[in-house]
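Novice: Fold the following and give me the result.
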Amino acid sequence: MTDTPRDGGERHRRDSAGRGDRVFAPDFLTELFRNPLDHGYADAAARRRVDPPSPARVRSGRAVSAVVLVALGFLFAVAYRQTVAEEPDRSQARSGLVSQIRERQEETDRLTLRAEQLREEVTRQRDAALTRSAAARLRDLEATTGLGRVRGDGVVVQLADASGNQDAVTGAGGPGPGRVLYRDLQLVANALWAAGAEAIAVNDQRLTSTSTIRSAGEAILVDFRPVTGPYRVSAIGPDDMRRRFEASTAAALLRRVADQTGLSFGSRTAEDLTLPEAATDSQLRFASPPPSPSPSPSSPTAGPSSVPRPSGSGTSSPSPSGGGR
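Specialist: Just a heads-up that it's a prediction; the model follows:
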């Protein structure tokens with residue numbers, strides 16, 4: 001009867017003694033801020049106080065420090081001199097590249113102007129060669145396909161990145177929900193087509209039936225030509241085009257995104273819009289019948305199980321479509 005309480009009391013004392021002897025390590029960051037100096041530095045300082053270095057050792061240490069400082073100064077001087085000596089070459093190369101870029105831009109502008117003049121000359125010669133009705137029909141087809149300039153009333157939809165989403169140095173929109181994406185321009189263009197638009201241009205880049213709106217890194221490309229914000233999508237169409245566009249799901253989605261991220265989105269009615277012709281070269285695509293197989297002699301005795309022979313034998317050669325008879 002008395003063994004159990006004694007064992008229980010001893011066990012309790014052992015547990016309490018174990019808990020009392022438990023040591024908790026201090027927090028590392030707290031200890032670091034309380035004692036920032038390593039113990040090794042403190043020990044070294046104590047040893048120097050007890051046994052200070054000899055004057056010769058102090059002089060030798062100072063001499064070594066002076067030599068090291070002189071060597072570093074010499075290296076810095078040589079590096080500075082080389083940098084200054086190479087700066088004229090670097091500036092000359094940069095100025096040469098800038099001049100080449102300007103020359104190429106001027107040449108591109110001259111060629112573009114010459115192409116416009118030749119295009120107008122071709123149009124005049126074509127209109128002179130065609131009848132009045134045929135020329136009018138051709139101009140209508142060019143306006144419909146995007147190869148001709150059009151003019152009329154329509155709608156302008158404008159999108160811009162959120163003001164707080166622009167880079168302080170470049171002014172370009174950074175990544176994030178407040179940035180206009182290429183999919184947003186695709187949504188607007190498709191919604192305008194569905195609303196009855198007859199011609200659409202994104203930042204004066206005319207859209208055709210083969211146009212593409214995609215991204216390349218942080219840039220948005222329209223027919224492989226970069227466009228920058230604010231993005232302006234102009235469309236010419238019927239009078240109720242804006243009402244139908246505002247009622248579309250694309251406009252509702254962009255309004256919700258604008259409310260949540262600060263992205264700028266809005267539309268307005270515009271009068272007397274002028275949309276340029278497409279800058280891409282027109283590549284006509286049309287269907288043509290496949291070439292008919294050339295006739296060749298066939299063996300009158302050849303059956304379904306006959307094996308084809310080389311060219312010149314009694315069997316026919318395979319047709320261009322891949323089959324043989």
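Novice: Okay, now the unreliable bits of the chain?
Specialist: 1-26, 164-177, 280-285, 294-325 (pLDDT under 70).
Novice: what ranges do the helices span in it?
Specialist: Using DSSP state H, the helices assigned to the chain run over residues 3-21, 28-34, 39-50, 55-129, 132-145, 182-194, 241-246, 249-261.
Novice: need the ones you listed in JSON lines with distance to residue 235 and mean neighbour count, can you?
Specialist: Where C-beta positions appear, they are placed from N, C-alpha and C, glycine not excepted. Output for those, formatted as JSON lines (distance: least, Cβ to Cβ, whole Å; neighbours: other Cβ atoms under 10 Å):
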{"stretch": "helix 3-21", "distance to residue 235": "80", "mean neighbour count": "9"}
{"stretch": "helix 28-34", "distance to residue 235": "62", "mean neighbour count": "9"}
{"stretch": "helix 39-50", "distance to residue 235": "75", "mean neighbour count": "9"}
{"stretch": "helix 55-129", "distance to residue 235": "24", "mean neighbour count": "10"}
{"stretch": "helix 132-145", "distance to residue 235": "14", "mean neighbour count": "13"}
{"stretch": "helix 182-194", "distance to residue 235": "4", "mean neighbour count": "19"}
{"stretch": "helix 241-246", "distance to residue 235": "7", "mean neighbour count": "18"}
{"stretch": "helix 249-261", "distance to residue 235": "13", "mean neighbour count": "15"}
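Novice: now these as JSON lines including distance to residue 214?
Specialist: Shown next, in JSON lines, are the helices of the chain (distance: least, Cβ to Cβ, whole Å):
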{"stretch": "helix 3-21", "distance to residue 214": "69"}
{"stretch": "helix 28-34", "distance to residue 214": "50"}
{"stretch": "helix 39-50", "distance to residue 214": "61"}
{"stretch": "helix 55-129", "distance to residue 214": "23"}
{"stretch": "helix 132-145", "distance to residue 214": "21"}
{"stretch": "helix 182-194", "distance to residue 214": "6"}
{"stretch": "helix 241-246", "distance to residue 214": "23"}
{"stretch": "helix 249-261", "distance to residue 214": "18"}
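Novice: just so I know, which of these lies nearest residue 217?
Specialist: helix 182-194 (11.2 Å; Cβ to Cβ).
Novice: Check which helices and strands that closest one sits against.
Specialist: Judged by 3 or more Cβ pairs under 8 Å, 6 or more residues apart in numbering; DSSP states H and E, the packing partners of helix 182-194 are strand 150-160, strand 199-202, strand 213-216, strand 219-222, strand 231-236, helix 241-246, helix 249-261.
Novice: show me the contacts for the residue lying closest to residue 211 once chain neighbours are set aside.
Specialist: Closest residue to residue 211 apart from its sequence neighbours, by Cβ to Cβ, 6 or more residues apart in numbering: residue 223 at 5.3 Å. By Cβ atoms under 8 Å, 6 or more residues apart in numbering, the contact list for residue 223 reads 205, 207, 211-212, 278-280.
Novice: quick one: which of those residues has the most company?
Specialist: For those, neighbours were counted using other Cβ atoms under 10 Å, and residue 207 has the most, 23 neighbours in all.
Novice: Touching, that one and residue 201? I think so.
Specialist: Yes: Residue 207 is in contact with residue 201 according to Cβ atoms under 8 Å; the separation is 6.6 Å.
Novice: between the helices of the chain, which one is nearest to residue 219?
Specialist: Checking those against residue 219 by Cβ to Cβ gives helix 182-194 as the closest, at 9.2 Å.
Novice: could you give the angle of the closest one to strand 150-160?
Specialist: Orientation of helix 182-194 against strand 150-160 (axes from the mean of the first three to the mean of the last three Cα atoms, to 10 degrees) gives an angle of 150 degrees.
Novice: Next, the angle strand 231-236 makes with helix 182-194.
Specialist: Taking the same axes, to 10 degrees, one finds helix 182-194 and strand 231-236 inclined to each other by 10 degrees.
Novice: So what touches helix 182-194?
Specialist: Residues from elsewhere that reach helix 182-194 (Cβ under 8 Å, 6+ apart): 155, 157, 159, 200, 202, 207, 213-215, 220-222, 231, 233, 235, 237, 241, 244-245, 248-251, 253-254, 257.
Novice: ok, back up a step: which stretch among the helices of the chain comes nearest residue 227?
Specialist: When those are compared by Cβ to Cβ, helix 182-194 sits nearest residue 227, at 8.2 Å.
Novice: Tell me who's in contact with the spatially most central residue of the chain.
Specialist: In the chain, the residue lying closest to the centroid (Cα atoms, centre = their mean) is residue 217, at 1.7 Å. Neighbour list for residue 217: empty [criterion: Cβ under 8 Å, 6+ apart].
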